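Peer 1: Starting from these lines, generate the structure:
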Amino acid sequence: MAQLGWLGCISILLFCTFGALYAATLLADCYRFPDPVTGKRSYSCMEAVKAYLGGTIYKLRGWTIYLNLATIGVGFTITTAKSMIAIQKSNCHRKNGGDDPCKFSNIRYIPHVIGFGIVEIFSSQLPNFQKHSWLPKLAAIMSFGYTFLGIGLSMTKIISGK
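Peer 2: You can find the predicted model right below:
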């Protein structure tokens with residue numbers, strides 16, 4: 001995104017935002033079938049696809065949804081492991097000075113990937129995980145926290161003139 005510059009980056013972000021808004025609007029319109037007010041409720045995306053498209057398409061769509069979820073899970077796991085290695089590099093630079101290369105091999109990712117995978121497995125076994133009201137609040141607080149932390153660090157760099 002940084003390589004796109006201000007105009008390209010903002011354009012891509014807006015495009016993705018409006019695409020997500022459009023998809024959410026379509027999904028909300030499919031909540032009840034066949035009538036949007038009195039029709040039978042669809043409590044999941046799969047139920048809505050089955051109501052509107054039926055048999056074969058329903059199964060095909062199911063496989064694409066599960067494949068998408070699996071690839072997103074793998075992506076998050078790899079990104080988390082890379083973030084953990086970045087924290088270790090930061091700690092190394094702080095201990096040894098900024099001139100130390102602090103190189104880590106790809107083998108160093110494996111324990112982090114396994115550790116995060118174990119945490120994911122245990123988290124997925126929590127009963128009624130979707131009904132915890134504190135979870136979305138925690139996610140929102142963390143998101144805003146990361147945002148303000150990034151803004152603060154960026155402003156520190158800008159003010160220091162580096």
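Peer 1: which regions of this protein lie under the pLDDT threshold?
Peer 2: 105-106 (pLDDT under 70).
Peer 1: Show me where it has its strands.
Peer 2: Secondary structure of the chain by DSSP state E: the strands cover 32-33, 40-41.
Peer 1: So what's the gap between the last one and the chain middle?
Peer 2: Relative to the mean C-alpha coordinate of its chain, strand 40-41 is positioned 29 Å out (Cα atoms, centre = their mean, to the nearest Å).
Peer 1: packing partners for the helix ranked longest in the chain?
Peer 2: As assigned by DSSP state H, the longest helix anywhere in the chain is helix 55-96. Applying 3 or more Cβ pairs under 8 Å, 6 or more residues apart in numbering; DSSP states H and E, we find helix 55-96 packed against helix 45-53, helix 109-124. Quick note: C-beta positions are derived from backbone N, CA and C, even for glycine.
Peer 1: a markdown table please, covering these and showing distance to Pro34.
Peer 2: Below are the helices and strands packed on helix 55-96 laid out as a markdown table (distance: least, Cβ to Cβ, whole Å):
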| stretch | distance to Pro34 |
| --- | --- |
| helix 45-53 | 8 |
| helix 109-124 | 35 |
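Peer 1: Now tabulate the ones you listed in JSON lines and tack on mean neighbour count and distance to Met155.
Peer 2: Converted to JSON lines, the helices and strands packed on helix 55-96 look like this (neighbours: other Cβ atoms under 10 Å; distance: least, Cβ to Cβ, whole Å):
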{"stretch": "helix 45-53", "mean neighbour count": "16", "distance to Met155": "40"}
{"stretch": "helix 109-124", "mean neighbour count": "13", "distance to Met155": "30"}
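Peer 1: Just the angle for the longest helix of the chain relative to helix 109-124, thanks.
Peer 2: Regarding helix 55-96 and helix 109-124, their directions subtend 130 degrees when assessed with axes from the mean of the first three to the mean of the last three Cα atoms, to 10 degrees.
Peer 1: For Arg32, see how far away the residue of the chain most remote from its centre is.
Peer 2: Distance from the C-alpha centroid of the chain peaks at Thr38, with 34.4 Å (Cα atoms, centre = their mean). According to Cβ to Cβ, to the nearest Å, Thr38 stands 7 Å off from Arg32.
Peer 1: From Ile158, how far out is Tyr22?
Peer 2: Using Cβ to Cβ, Tyr22 is found at 35 Å from Ile158.
Peer 1: Next, the contact list for the residue nearest the centre of the chain, please.
Peer 2: What sits nearest the mean C-alpha location of the chain, by Cα atoms, centre = their mean, is Phe76, with 6.8 Å. Applying Cβ atoms under 8 Å, 6 or more residues apart in numbering, we find Phe76 in contact with no residue.
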